[in-house]
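[1] Output the structure for:
(chains A, B, C and D)
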Protein chains: 2
Amino acid sequence: MSPAQHDAEVLIRTLREQGQRVTTGRRAIAEVVAANPDLSAEEIVGFVQRDHPEVHPSTVYRTLETLEEAGLVRHVHLGHGPARWQLADDPAHRLVCEGCGAVQLVSRVRFDEVRRQVEAEFGFAIAFGHFAMTGRCSTCR
Amino acid sequence: MSPAQHDAEVLIRTLREQGQRVTTGRRAIAEVVAANPDLSAEEIVGFVQRDHPEVHPSTVYRTLETLEEAGLVRHVHLGHGPARWQLADDPAHRLVCEGCGAVQLVSRVRFDEVRRQVEAEFGFAIAFGHFAMTGRCSTCR
DNA sequence: ACCCAGATGCGAGCAGCTCGCACGTAGCAG
DNA sequence: CTGCTACGTGCGAGCTGCTCGCATCTGGGT
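    Okay, the predicted model is just below:
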């Protein structure tokens, strides 16, 4: 079993443990999100409908919301345009270049020092995640 | 003349210097943005239409775009919902609490150290601005 | 005072969701 | 294995926050 399949299993199992029903659509959506980080909802619809054309876009939106409330996935805004979905325990933070649009993945733990510093100085605990950080990558500077 | 009126004058003058036309609508929009940071486009429409009810919402959107291209204003996303507009030289960065929604203004220069650190480690120049930083304020933690 | 590129009012259109409703099915009780 | 029912779904309408095309108007140079 691939790591992504394993992740999807965990999502599905956790959903069931929380008293939620497991449907074909939910299972397919969990698999797609686990296997493909940073897809938009519309892209997820595309992947899901390859195998399950009957799954409606609104079901995808609602399922993503359910999974997010369950703390299993999260969405992040990389710029204008649709939100991007990923597993809640995705260990990377996104740096988006305003010049070329490139997305640089950086391990979250490498921001611990910055987080500590901001927390000490401003009493504010940054939750890197909901919005990407925008700026200029080394080649665009 | 209030500082905001002065700022508005600078905006208008710079527009004209860039070969753009100065209209009643543009003047009114510049004054509203200079006097009230972090308004949404729709709120700006409201303010402008008090004195100039003929100014159409689409004019406000287009003028904000023009002012942004001229480097005079910028928009920032504080969360879901409409963008918020401010003068490009607004010296504050926004920290938005995910718990209570409070917006904490922090002088940008106080992030210089963080910026330097991230640049040294990841080769990425963070442009605090287009997205606010989300997290938890001291009272919500 | 005249001219015309550029700005505006207006309304249609679009992206990205969100919601209400009727139907269908997961999952539990028996 | 069967039946029940509340939760999930397909479907389409609706909503927010812009964006655009077009005809008309006007700022500002001559």
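
[2] can we go C-alpha only for contacts and neighbour counts from here?
    OK.

[3] gap between A:V22 and A:D7?
    With distances taken as CA to CA, to the nearest Å, A:V22 is found 15 Å from A:D7.

[4] higher neighbour count, those two?
    A:D7 (18 against 12; other CA atoms under 10 Å in any protein chain shown).

[5] who's in contact with the residue positioned nearest the centre of chain A?
    Closest to where the C-alpha atoms of chain A average out (CA atoms, centre = their mean) is A:Q86, at 1.8 Å. Listed by CA atoms under 8 Å, 6 or more residues apart in numbering or on different chains, the contact set of A:Q86 reads A:V33, A:A34, A:N36, A:P37, A:D38, A:L39, A:V73, A:R74, A:H75, A:V76.

[6] partner strands of the one helix or strand A:T134 maps to, parallel or antiparallel?
    Remark: A:T134 resides in strand A:133-136, with elements defined by DSSP states H and E. Strand A:133-136 sits in its sheet next to strand A:92-97 (parallel), strand B:125-126 (antiparallel), going by DSSP bridges.

[7] closest to DNA strand D out of those strands?
    Counting by CA to the nearest atom of the strand, DNA strand D lies closest to strand A:92-97 out of those; the figure is 18.7 Å.

[8] what separates the closest one from the chain centre, distance-wise?
    Put simply, strand A:92-97 sits 12 Å off its chain's centre (CA atoms, centre = their mean, to the nearest Å).

[9] Can I get that strand as CSV, trimmed to CA atoms?
    This file holds the C-alpha atoms of strand A:92-97, laid out as CSV (Å, rounded to 0.1, in the frame of the first residue of the first chain):
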residue,chain,number,x,y,z
ALA,A,92,5.6,21.9,4.4
HIS,A,93,5.0,25.6,4.4
ARG,A,94,4.6,27.4,1.0
LEU,A,95,6.6,30.4,-0.2
VAL,A,96,5.1,31.8,-3.4
CYS,A,97,7.1,34.0,-5.7
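
[10] got the buried residues for that strand?
    For strand A:92-97, the neighbour count (16 or more other CA atoms under 10 Å in any protein chain shown) marks A:H93, A:R94, A:L95, A:V96, A:C97 as buried.

[11] And for stretch A:24-40?
    A:25-35, A:38-40.

[12] quick one: it to chain centroid distance?
    Counting by CA atoms, centre = their mean, stretch A:24-40 comes out at 10 Å from the chain centroid.

[13] outside of it, which residues touch it?
    A:4-5, A:7-8, A:11-12, A:44, A:47-48, A:52, A:55, A:59-60, A:63, A:82-87.

[14] Pull out the buried members of these.
    For the contacts of stretch A:24-40, buried by 16+ other CA under 10 Å: A:4, A:7-8, A:11-12, A:44, A:47-48, A:55, A:60, A:63, A:83-87.
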